[in-house]
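> Build me a model:
(chains A and B)
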Number of protein chains: 2
Amino acid sequence: MPDDLRPIPGLIEAFGSLLGPNGVLTDAAALEPHLADWRGLYRGQAMAVLRPSTTEEVSSCVKLCARHGIAVIPQGGNTSMVGGATPEARDRQVVLSLARMNRVREIDVADMTMTVEAGLILTRAQQVAAEHGVLFPLSLGAEGSAMIGGVLSTNAGGNTTVRYGNARELMLGLEVVLPDGGVVNGLRRLRKDNTGYALRHLFVGAEGTLGIITAAVLRLFPAARETATALCAVPSEAAALSLFRRFRTADEGAVRAFEYMSGVGMGMVLATIEGATLPIAPGADHFVLVDLSASREGAGLRALMEQVLEAAMEAGEVEDAALAESESQRLSIWRLREEHPEAQKRAGASVKNDVSVPVSAVPELIRRASDACRALIPGSRPVPFGHMGDGNIHMNLAQPPEMNAADFLARSHDIMDCVNDIVRDLGGSFSAEHGIGRLKTDMMEAWRGGAELDAMRRIKAALDPQGIMNPGKVLPDA
Amino acid sequence: MPDDLRPIPGLIEAFGSLLGPNGVLTDAAALEPHLADWRGLYRGQAMAVLRPSTTEEVSSCVKLCARHGIAVIPQGGNTSMVGGATPEARDRQVVLSLARMNRVREIDVADMTMTVEAGLILTRAQQVAAEHGVLFPLSLGAEGSAMIGGVLSTNAGGNTTVRYGNARELMLGLEVVLPDGGVVNGLRRLRKDNTGYALRHLFVGAEGTLGIITAAVLRLFPAARETATALCAVPSEAAALSLFRRFRTADEGAVRAFEYMSGVGMGMVLATIEGATLPIAPGADHFVLVDLSASREGAGLRALMEQVLEAAMEAGEVEDAALAESESQRLSIWRLREEHPEAQKRAGASVKNDVSVPVSAVPELIRRASDACRALIPGSRPVPFGHMGDGNIHMNLAQPPEMNAADFLARSHDIMDCVNDIVRDLGGSFSAEHGIGRLKTDMMEAWRGGAELDAMRRIKAALDPQGIMNPGKVLPDA
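As a prediction, the model looks like this:
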């Protein structure tokens, strides 16, 4: 161990006396899973992993770190797509895992709120809500590992944003440990509370750089009593958008998800995923998954679905469609969408672009970015898919089959720049739902530079003057 | 004019050269309406009223003010309930009116967004949306004067929060002039954009103390194709809450407003407002206004309304109910609710408490606060009314008929303390939708003191180190 990673004398013992023997990991094997991100992009170091089990313990640990100038890397499920939760390769830092803070403190179906700790896994939050006959709607790929604290710190999105909003909009109050160890007790269960600055909204999406979210009040919703799911083949990206507008106009609140998939991506899924079957005729260039739900009994979603699809077919905007007739058919349609990342992996190397544009610009984004990527790397295969209803498309690019994977990945930044130039031209964002982490800090100056980035830096300096809270994330070095 | 209010030599001329002859008011009569709040609680001074018509002009004015240490009081419709938009009685300050920045920059019904300037009046924003066949749902008492900038700066709520959220949730992006004159160009029309700290959410609700909102991207919604409105007499506060839960469970998205009124308040309206008539039998102690709407054609809201009310009647939770059979009946039911403030005014002096609690605690709030107020001032008449579905009750108290109004008003702070003690005990907030302004700064320490207020002060100092932006509002003097 190099000198600069050697513990400050007595410090580990001090953490131990705060957290007990199970609260501090220093063994190399135990540290291992906390030091690298799951995508394998980053790998860092830490003198220890702290595992507090109460807010007071988090506060005590942070106070001790602040006193000694030790950086703190808050970590939940460590499922960041952008390296937001792994330590850097530098000395004098600890990982602070929220995994032991996994209690449901309170659930109230009259208020439709649930107060939970940061370490609660997202699927568990969904389950607890379901056990009480209500819905916590946030749903995303990593939900079996991602924890509520990380989900809020990154303002996660996912499939149901079109209806229920991002994580931010599902949160009413937060408890946060500040970089000086002070605790903001903001676990208020209020729909209206205009009493000073909305600090909670500053911590949501700050990726742990301004403090550690330790608990949150989440909003709950009535469970769905009726659903209707369809897979549609559509003739163009523009037709997909038209179909979305038809559904939104027909019943504002019914659309729970509206997902776009390209023919290329669908082909990869059908070719590589065992058991994946297309319930409609093959060969389309564009697909859409429409998922409707309603809490009202007898809402007539099936009739609504048929009526909208019929009108769209008459207008030439839908070529073919299949409605799920059972829960297993519904899941099998959803599987075609959910296996997109895995199918891409099996098709070789790919570069991911999590971008967003105004909803109206999605067709243009897909067309222009696909053309530009193919021109940049002949033979490469654009695989755009994702949340059309939010304007959030995963504008991914798969390598040319005959190309060497490493050669292709060496062009990652060219590819990202190529897509982002178009995103920018369309008034979009270079990070829709994955955040900045370490992967995209070097893009902040170009996209958010000037007064906006300056204000962010001032806020960071005001709340974390020592810069000990998740250093190297979100903000680029000055 | 006292010396300390005399213009800095050349300063008014400098503003004039930035804004043109119509851009600077210095005449006493012209200043007058900008110096006092409409409730008549506060009256201040200003060396001029600046009326910029572009963002660049706002920026230039603020830069000039920053250079000379002149305080800037941003003002929209000047309809604050808490003195948030009027200057203090001190020297070296200007009012900066956004009234001339009233353009609709863009409206896009595919994106369902509208980009508007801060000086646009709220009803005008509603009208423009309606002219395009869509809905901007925010609706509140002062909507004929309140401007979008103020509505966002105070995170206004109103009648439709239960369905569409507060102003914050209707905003996607902001353009803001910072206290140093820098411009944050954040007019992004994106549902997903995780690129650093959510500055926009910091300015919403900051009441102009961190910068001046000059323009905003607002969310639009499909227009209602069907509505159903009912006035119900219910036997208790608890029955009113049960009825709300019945509707929410029956159809999550249908409830556009759910308003509680007491028998006392309804009596005042019927006794003092010309043409106000009750469509059900008189004498109830508690009333509820239920307003349903849907964008879906043939949504069957009338059937839903009848079905829920029937079940509630069978359960003894509704005693009597009338459904609006026409638009004029609908408006006449709404009038009973909307005339509550005017009727209270005609019934003598009253003290207003804009408070919120978790929805489940509303019945207890109404009962306990009413009892406590009556015990505090025998003969006084509690007039609770408002947004039950948001947990936001205007827990107002009317003077005893035989008491001197001034004697009653001298007890204002006792009354507010009495109500707030109960609100606090129930986990509520002392300011639900009206904000802090000048009226409630002295309550911030007790309610938000410690780490939370400290973090707010740090943010204020970081973004406005000179303290020139709307001084005396939101944060108490240190």
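> What does the pLDDT read for the residue nearest to the spatial centre of chain A?
Closest residue to the average C-alpha location of chain A: residue A:156 at 3.6 Å, with C-alpha atoms, centre = their mean. In this model, residue A:156 is scored at 97, pLDDT.
> that's a strand at it, yeah?
No - counting by DSSP: H, G, I helix; E, B strand; the rest coil, residue A:156 falls outside a strand, being coil.
> got a list of what it touches?
Residue A:156 makes contact with A:138, A:140, A:146, A:150, A:166, A:167, A:433, according to C-beta atoms under 8 Å, 6 or more residues apart in numbering or on different chains. C-beta here means a position set from N, CA and C on the backbone, and glycine is covered the same way.
> so the first one, which of the three states?
Three-state call for residue A:138 (three-state DSSP): coil.
> Show me the strands in the stretch 1-150 of chain A, by range?
A:24-25, A:48-50, A:71-75, A:93-97, A:104-108, A:113-117, A:134-135 (DSSP state E, counting those that start in this stretch).
> Tell me the buried residues in the fifth one?
When burial is assessed from 16 or more other C-beta atoms under 10 Å in any protein chain shown, strand A:104-108 yields the following buried residues: A:104, A:107, A:108.
> Contacting chain B as well, which ones from the residues you listed?
Filtering those for neighbours of chain B using C-beta under 8 Å from any C-beta of the partner chain leaves residue A:108.
> Any chance of TSV for the buried residues of strand A:104-108, columns pLDDT and distance to residue B:257?
Shown next, in TSV, are the buried residues of strand A:104-108 (pLDDT from 0 to 100; distance: C-beta to C-beta, whole Å):
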residue	pLDDT	distance to residue B:257
A:104	98	32
A:107	97	27
A:108	95	23
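> what's the closest of the buried residues of strand A:104-108 to chain B?
When the buried residues of strand A:104-108 are compared for distance to chain B (C-beta to the nearest C-beta), residue A:108 wins out at 6.0 Å.
> hey, what's that closest one bridged with?
residue A:113 (DSSP bridges).
> Let me see the ranges of the helices in the stretch 101-250 of chain A.
Counting by DSSP state H, counting those that start in this stretch, the stretch 101-250 of chain A has these helices, from start to end: A:122-131, A:148-153, A:161-164, A:199-203, A:237-250.
> Name the SS class of the closest residue to residue A:227 other than its chain neighbours, please.
Nearest non-adjacent residue to residue A:227, counting by C-beta to C-beta, 6 or more residues apart in numbering or on different chains: residue A:293, 4.6 Å away. Per three-state DSSP, the local secondary structure of residue A:293 is strand.
> What distance do you get for residue A:293 to residue B:363?
31 Å (C-beta to C-beta, to the nearest Å).
> what do you get for residue A:227?
The value you get for residue A:227 to residue B:363, if C-beta to C-beta is used, is 34 Å.
> now do residue A:32
Separation of residue A:32 from residue B:363 (C-beta to C-beta): 54 Å.
> Tell me where the model's unsure across chain A.
Within chain A, the segments meeting pLDDT under 70 span A:1-7.
> If we use 50, what do you get?
Applying pLDDT under 50 to chain A flags residues A:1-3.
> related to what we said a few turns ago, also near chain B: which of the contacts of residue A:156, exactly?
Within these, those near chain B by C-beta under 8 Å from any C-beta are A:166, A:433.
> Now for residue A:142, how many residues are close by?
Neighbourhood size, residue A:142 [other C-beta atoms under 10 Å in any protein chain shown]: 20.
> Pretty sure it sits against residue A:79.
Yes - taking contacts as C-beta atoms under 8 Å, residue A:142 lies within contact range of residue A:79: 3.9 Å.
> Turn the contacts of residue A:156 into CSV, including neighbour count.
Shown next, in CSV, are the contacts of residue A:156 (neighbours: other C-beta atoms under 10 Å in any protein chain shown):
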residue, neighbour count
A:138, 28
A:140, 17
A:146, 23
A:150, 29
A:166, 27
A:167, 27
A:433, 27
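> Tell me the one of the contacts of residue A:156 nearest residue B:61?
residue A:166 (35.3 Å; C-beta to C-beta).
> and that closest one, what does it touch?
Residues in contact with residue A:166 (C-beta under 8 Å, 6+ apart) are A:155, A:156, A:157, A:433, B:191, B:192.
> do residue A:283 as well
Contact analysis of residue A:283 by C-beta under 8 Å, 6+ apart lists residue A:263.
> Got the phi and psi for residue A:355?
When read as degrees, to the nearest 10, the backbone of residue A:355 gives phi -120, psi 160.
> Would you mind confirming that it makes contact with residue A:392?
Yes - between residue A:355 and residue A:392 there is a contact under C-beta under 8 Å: 7.5 Å.
> shared neighbours of those two, which are they?
In contact with both residue A:355 and residue A:392: residue A:432, using C-beta under 8 Å, 6+ apart.
> What residues does the stretch 201-350 of chain A have near chain B?
A:201-202, A:204-206, A:210, A:221-222, A:241, A:245, A:248-254, A:294-297, A:299, A:304.
> 7 Å instead, please
Listed as neighbours of chain B in the stretch 201-350 of chain A under the rule C-beta under 7 Å from any C-beta of the partner chain: A:201-202, A:204-206, A:221-222, A:245, A:248-253, A:295-296.
> Highest neighbour count among these?
Ranked by neighbour count under the definition other C-beta under 10 Å, these are headed by residue A:206 with 30 neighbours.
> Strands of the stretch 301-450 of chain A, residue ranges please.
Shown for the stretch 301-450 of chain A, the strands assigned by DSSP E, counting those that start in this stretch span residues A:320-323, A:350-351, A:354-356, A:381-387, A:392-398.
> okay, those in TSV with distance to residue B:36 and mean neighbour count next?
Formatted as TSV, those follow (distance: least, C-beta to C-beta, whole Å; neighbours: other C-beta atoms under 10 Å in any protein chain shown):
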stretch	distance to residue B:36	mean neighbour count
strand A:320-323	62	18
strand A:350-351	60	22
strand A:354-356	45	29
strand A:381-387	49	25
strand A:392-398	47	26
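> so which of the ones you listed gets nearest residue B:410?
Among the strands of the stretch 301-450 of chain A, strand A:354-356 comes nearest to residue B:410, with 55.8 Å by C-beta to C-beta.
> and that closest one, what does it pack onto?
When contacts are defined as 3 or more C-beta pairs under 7 Å, 6 or more residues apart in numbering or on different chains; DSSP states H and E, strand A:354-356 packs onto strand A:392-398.
> So between residue A:293 and residue B:363, which is more surrounded?
When neighbours are counted by other C-beta under 10 Å, residue A:293 and residue B:363 differ, and residue A:293 comes out ahead with 23 against 20.
> residues contacting the more buried one?
A:224, A:226, A:227, A:256 (C-beta atoms under 7 Å, 6 or more residues apart in numbering or on different chains).
> The third one touches residue A:292, doesn't it?
Yes - using C-beta atoms under 7 Å as the test, residue A:227 is close enough to residue A:292 to be in contact (6.5 Å).
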